[in-house]
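K.L.:
When you get a sec, could you give me coordinates for this:
(chains A, B and C)
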Amino acid sequence: MTVRALDNAGAESILAINLRRFGRDRFAAMAGAIAIGFVVMAAFAPWLAPHDPSDSDLLRRLQPPAWIEGGDWAFPLGCDSLGRDLLSRIVHGARVSLMVGVAVVLLAAAVGTAAGLAAGFLRGAVDAVISRVVDVLLGFPYLIFAIGLMGMMGPGIENIVLALVYKEWTIACRVIRGETLAARELDYVEAARAAGASPAHIMFREILPNILSPLLVVATTRMATIIILEASLSFLGLGVQPPMASWGSMVADGRSYMLEAWWISAFPGIAIFLLVLSINLASQGLRDAFDPRYRP
Amino acid sequence: MRFGVVLERLAQLIPVLFGVCLVVFLMVTLTPGDPVEIMLGNERSTPEQAEELRRQMGLHLPPHERFFAFIGNAVTGDFGRSFFHRRPVIEVIAERLPATLELTIVAMTIALGLAIPLGILAALKRGSWLDRVATMVSLAGVSMPGFWFGIMLIMLFAVHLGWMPVSGRVDYALEVPRLTGMILFDSLAHGRFDTFRDALHHILMPALTLGLAMSALLMRVTRASMIEVLQQDYILFAEAKGIGRARLILRHGLRNALIPTVTVAALETGYLLGGNTIVETVFGWPGLARVIVEGIFSRDYPLVQAGVLVIALIYVGVNFVADLLYTLINPRVKL
Amino acid sequence: MTKRRIPSLLASAALLAMLVAVSAPSSAADLRVGFTQDALTLDPANHRKRETETIIRNIYDGVMTQAANGEVLPELVESFRQIDPTTYEAVLRRNVKFHSGEPMTAEDIKFTFDRLTKDKAMGGETSPRQSLLGPLQDTIVVDAHTVRFKLKEPWPVFPRMLPVQEVVSKAWVTRVGDAALAGQANGTGPFRLVEWRRGDSIIMERFADYYGGTPAIPPAGPARVDRAIFKIIPENASRVAALLAGEVEIINEVPIHMIGQIERSGRARIAKANGTRTFFIALNVTKPPFNDVRVRRAANHAVDKKLLIDKLLGGAATSVAGVLSPESFGFKPGIREYRHDPEQARKLMAEAGLSGGVDVTIDTEGAFKDQAEAIAAMLTRVGIRAKVQVWEGAVLTPVWRAQNKTRDMYLSSWGSGALDPTGIFVPTLKTKDRGNSSGYSNAEVDRLLTLADGELDPAKRADMYHQAERIVAEEAPWLFLWVPQDIYAISNRVRGWEPGSDSRINLHRAHFVN
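P.N.:
From the prediction side, this is the model:
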């Protein structure tokens, strides 16, 4: 990396300054607070949820949110097809959805980045092998993999993460590879190479920090898709089992009730939106705060 | 030189296709489920009748023999007969491809047309209300499941306003000329403007549902990489030298900023070309996905194998086009 | 900037206006059905799918047909009678023509049934429908208008199996080749095929030379609408939307919770027919806890079926005490149903030494997750602590069809389109038969079922099934549930079609009113 406006202060106070800077970006700070709020919600779900999320009562089936006629403030967001409290299910569902979303995004980004850098920087046979593996995986439907995995390993949240990562990393890989292809031709890489830096050093220390933005956006945005995809795998028996709630499966369950009881899929959908929005904005805010070049 | 690269890529196709065949065959063989049982359904039948069906499907052979038979036939272009459609699978797939292709083209046009200008604008006016709104809307777009948006569109434009048809590709009463199977193109080529208009009418809502969903990520990526590029030293340097900002952005910025956009657009195109189950179901669009998904659930092995091969070929193709575009955008990138 | 934007804005506005202005060219005398699934093929002998048959049956007629009330009636034949325990004779109608113009003869009937039952008779392939005709051995042409069906052994269900087989033309099939039947059609039915836009729609038009169909269901005569179209709309909400938007006149598989919306629209009415599918939870009788009949009875007492049917199924299901649908041959009331009685259930559990409760798993497919969860909650209240495990159907079925049963409970169903007990009783409850998920085995039940299979006296036969059903109800290898109704919606402008329990949509007599 070339010129970097480093503060003269020590390491710890840089962190403090940057965090304060992040705090001043009101939008990002708010987003960060919401994201942390979701984590707290997931962690303390049993204490926060007003009801047992699996307590069903068919007499409350499809009960609308409190402010609509027929609603009841005891069940502020209404009830699902089995008469379970939607709010409590959203609070509890945060556990599965956050875990799956974060785990898949992080694992996929890690694997994809390493593979993408290697393919884009080393080129040649490495690139050919990685890229063709990516092509094969991309062309391979989730569904077959999920059913196969279910048949072989049975249900479990770790199997869901596995089933999602196996394909998700290819996206990170393609993005990073494309960026690396362009970056490796730039002067600073030439300079580093001339200075005798090792390929690993050039890839991870020189190129990676300069091409991270798109990956950050892709990864955090894809989180929404992953949370929704989890449901389709759970439907096949691969993932979380009833009566455990997850946002994705709540959204999917609401599909058949779209016209009669929109709230079943709308509220978990809004939760996914808020989570992804907050993570997106917070991650960009953090990046901007920590890397002085990105300050607007 | 370029031609050599193309040849090399074509040569790489062989291990790719072999790999796909092997993986899909293993997966399909190891996955529990028996097409004979599925076909017999709930009817009474004797073990002999089941055995006869199994023999017809070629499932009485040991797996390795089936695999080599499959590879051997595939080389000659014979992918077998679908267990349930009872026809060559290649026919089943070929019938569905044009509808998928047509929808992909229209959806990607919408997605790119929205995402690139909006992404660039959002990057240039970072922090402005336009940027914020675009961010919110695009993230809402990816968080909203496809069926939501699709059904909303149907309820509003088809049921309440009555402007749009609910489902299908074209009105049954209109004559559809045959050429490529893509109705929009075929009807224009034959001068059937009524059919063209009706087909356009039908494709709008599904294409919008897909296009908006695709544009979200594209727009976010374009914005992010544009911002990234604008911070690069060479741009700052050029700016300091006094090169006009607009020219600078177009000549230097956009080029490199578009690389991740191209990557994502290629991935999304590949994804659309494989067909989209939700949109095909909600809008009754007769594309590739539904037929393959049904094949997976009914363990129609030949159909699944051929379907996966086709989709893999599509990805090899779009990723190759992406690589070509990289070099076009930035000539320093070598293929 | 702004100036340059105006023309493009205008252009897009014009485009939108043009689109909006389009009016559907569809004619008023065309009847459109919004249908869940496309046909797999148009060859009547080359599929095993109910939906495919529903479509094909408008183009092809059969030797026999079935009325909405389940009665089997002659269709392409004037008379159909049994002349000895293994022989049936049919005399054909004289005025039946194929769509190609050729008259139908006894040769065509023989050709059709040989194609269905003889090995490799379908262009080298064997028909997947072969097993539907059981012991049919040969079809013999007596004269140009008379055929005999010769069975290997007495098989009283034979007439009931004939409405699901359609007659093809020998001359035409020989001319075009067997493979061509997948996409072309030449039947004797009320509609002829115009065009099949695969995955999108099947377009048919009235066949002017139609002989009129069975006179037993009036009015006979050609179809009353110009064209009949099956539009394929798999998504429930979209199918309902298409009905509400006036794009189709009949839809199948109306989801229960959308019934209210359709009724309120004032455009269409709901029509229900008892289905042919019995739902039950198979209890694994080969291992604890359900090897104890008291636990099985406790499970039956624990479930409030009425509440489930009212709430989850919108009232659109009939509770069953045993195996048979009320529409089925051999159904007799009088089998005692386990009433909802949690107290009794707990008592039985205590008797079985399980007052501390027991942990079990209900296996099911994603589509029935709701029902399984609701039942699990009821079972848990009496000490049968049930968890639900969702599976993909094709993975789950072999698990429960294997002879070695390892799981506890399986929410499942079995349907028999012919509505004859043999189609549901034998496969699901005879020792070691294909669909005997609970691993049930009772020598008396086996004996009765075997006897009934060859019994030609309908009254005696019905008695045998009733006896068997009594034993099964007593021993409770299942948690008996219900037979759901098939729900359709029909536009107020349409008359002349009512759904039957065979789930067919025969549009021959359907017409419009103003």
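K.L.:
element containing residue 117?
P.N.:
Unless you meant another one, I'm taking chain A. Assigned by DSSP states H and E, A:Leu117 belongs to helix A:86-122.
K.L.:
should've been chain B
P.N.:
Per DSSP H and E, B:Pro117 falls inside helix B:89-124.
K.L.:
And the next helix or strand past that helix?
P.N.:
Once the chain leaves helix B:89-124, the next helix or strand it forms, by DSSP H and E, is helix B:129-143.
K.L.:
Show me which residues of the helix or strand just after that following helix are buried.
P.N.:
Following helix B:129-143 in sequence order, the next helix or strand is helix B:146-153 (DSSP H and E). Neighbour-count burial for helix B:146-153, counted by 16 or more other C-beta atoms under 10 Å in any protein chain shown, picks out B:146-151, B:153. Placement of C-beta: from N, CA and C, glycine included.
K.L.:
Make CSV out of these and add pLDDT and distance to C:Pro289.
P.N.:
Formatted as CSV, the buried residues of helix B:146-153 follow (pLDDT from 0 to 100; distance: C-beta to C-beta, whole Å):
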residue, pLDDT, distance to C:Pro289
B:Gly146, 78, 44
B:Phe147, 83, 41
B:Trp148, 82, 43
B:Phe149, 86, 47
B:Gly150, 88, 46
B:Ile151, 88, 44
B:Leu153, 90, 51
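K.L.:
would JSON lines of the residues you listed with distance to A:Ile157 be doable?
P.N.:
Below are the buried residues of helix B:146-153 laid out as JSON lines (distance: C-beta to C-beta, whole Å):
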{"residue": "B:Gly146", "distance to A:Ile157": "24"}
{"residue": "B:Phe147", "distance to A:Ile157": "25"}
{"residue": "B:Trp148", "distance to A:Ile157": "25"}
{"residue": "B:Phe149", "distance to A:Ile157": "28"}
{"residue": "B:Gly150", "distance to A:Ile157": "29"}
{"residue": "B:Ile151", "distance to A:Ile157": "30"}
{"residue": "B:Leu153", "distance to A:Ile157": "34"}
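K.L.:
for those residues, which one is nearest A:Asp52?
P.N.:
Comparing these against A:Asp52 with C-beta to C-beta places B:Trp148 closest, at 27.9 Å.
K.L.:
Verify the stated contact: A:Val126 with A:Gly120.
P.N.:
No. A:Val126 lies out of contact with A:Gly120 (C-beta atoms under 8 Å); the separation is 9.6 Å.
K.L.:
and the residue of the stretch 1-150 of chain A nearest chain B?
P.N.:
A:Gly139 (3.0 Å; C-beta to the nearest C-beta).
K.L.:
scratch that, the stretch 101-250 of chain C is what I was asking about
P.N.:
As assessed by C-beta to the nearest C-beta, chain B sits closest to C:Gly199 within the stretch 101-250 of chain C, at 2.6 Å.
K.L.:
And that residue, its phi and psi?
P.N.:
Here is the backbone geometry of C:Gly199 (degrees, to the nearest 10): phi 80, psi -10.
K.L.:
what's the burial count for the residue of the stretch 201-335 of chain B found nearest chain A?
P.N.:
Relative to chain A, the nearest point of the stretch 201-335 of chain B is B:Ala312 (3.0 Å; C-beta to the nearest C-beta). By other C-beta atoms under 10 Å in any protein chain shown, the residues close to B:Ala312 number 27.
K.L.:
Now do it against chain C, distance only.
P.N.:
According to C-beta to the nearest C-beta, to the nearest Å, B:Ala312 and chain C sit 22 Å apart.
K.L.:
Likewise for A:Ser283?
P.N.:
Distance of A:Ser283 to chain C, computed by C-beta to the nearest C-beta: 33 Å.
K.L.:
doesn't A:Leu216 make contact with that residue?
P.N.:
Yes. Using C-beta under 8 Å, A:Ser283 makes contact with A:Leu216 at a distance of 5.6 Å.
K.L.:
rewinding a little: out of the buried residues of helix B:146-153, which comes closest to B:Asn319?
P.N.:
Distance ranking of these against B:Asn319, using C-beta to C-beta, places B:Gly146 first at 23.9 Å.
K.L.:
and the residue nearest to that closest one when sequence neighbours are not counted, how many neighbours does it have?
P.N.:
Spatial nearest neighbour of B:Gly146, excluding adjacent residues (C-beta to C-beta, 6 or more residues apart in numbering or on different chains): B:Ile278 at 4.1 Å. Other residues near B:Ile278 come to 22 when the count uses other C-beta under 10 Å.
K.L.:
Reduced to three states, what does B:Ile278 come out as?
P.N.:
Using DSSP: H, G, I helix; E, B strand; the rest coil, the structure places B:Ile278 in helix.
K.L.:
quick one, which of A:Val126 and A:Gly120 is more surrounded?
P.N.:
Higher neighbour count among A:Val126 and A:Gly120: A:Gly120, with 28 against 14, using other C-beta under 10 Å.
K.L.:
Would you mind listing where the stretch 101-250 of chain B has pLDDT under the threshold?
P.N.:
Along the stretch 101-250 of chain B, segments meeting pLDDT under 70 span B:232-250.
K.L.:
Looking at it, which residue is nearest chain C?
P.N.:
Proximity of the stretch 101-250 of chain B to chain C (C-beta to the nearest C-beta) peaks at B:Val166, 4.2 Å away.
K.L.:
Just to check, that residue is in contact with B:His160?
P.N.:
No. Counting by C-beta under 8 Å, B:Val166 does not reach B:His160; the two are 11.9 Å apart.
K.L.:
OK, contacts around the nearest residue to B:Ala289 once chain neighbours are set aside?
P.N.:
With sequence-adjacent residues excluded and distances taken as C-beta to C-beta, 6+ apart, B:Ala289 is closest to B:Gly275, at 2.9 Å. The neighbourhood of B:Gly275, defined by C-beta atoms under 8 Å, 6 or more residues apart in numbering or on different chains, consists of B:96, B:100, B:287-292.
K.L.:
which stretch of helix or strand covers the residue of the stretch 201-335 of chain B closest to chain A?
P.N.:
Here B:Ala312 is assigned to helix B:301-329, by DSSP H and E.
K.L.:
Please identify the helix or strand for residue 213.
P.N.:
In the absence of a named chain, chain A is used. Per DSSP H and E: A:Ser213 is located in helix A:208-235.
K.L.:
Not quite, go with chain B.
P.N.:
Going by DSSP H and E, B:Ala213 is part of helix B:193-230.
K.L.:
and that helix, what other elements does it pack with?
P.N.:
Helices and strands touching helix B:193-230, by 3 or more C-beta pairs under 8 Å, 6 or more residues apart in numbering or on different chains; DSSP states H and E, are helix A:208-235, helix B:89-124, helix B:129-143, helix B:146-153, helix B:183-189, helix B:254-273, helix B:277-282, helix C:2-21.
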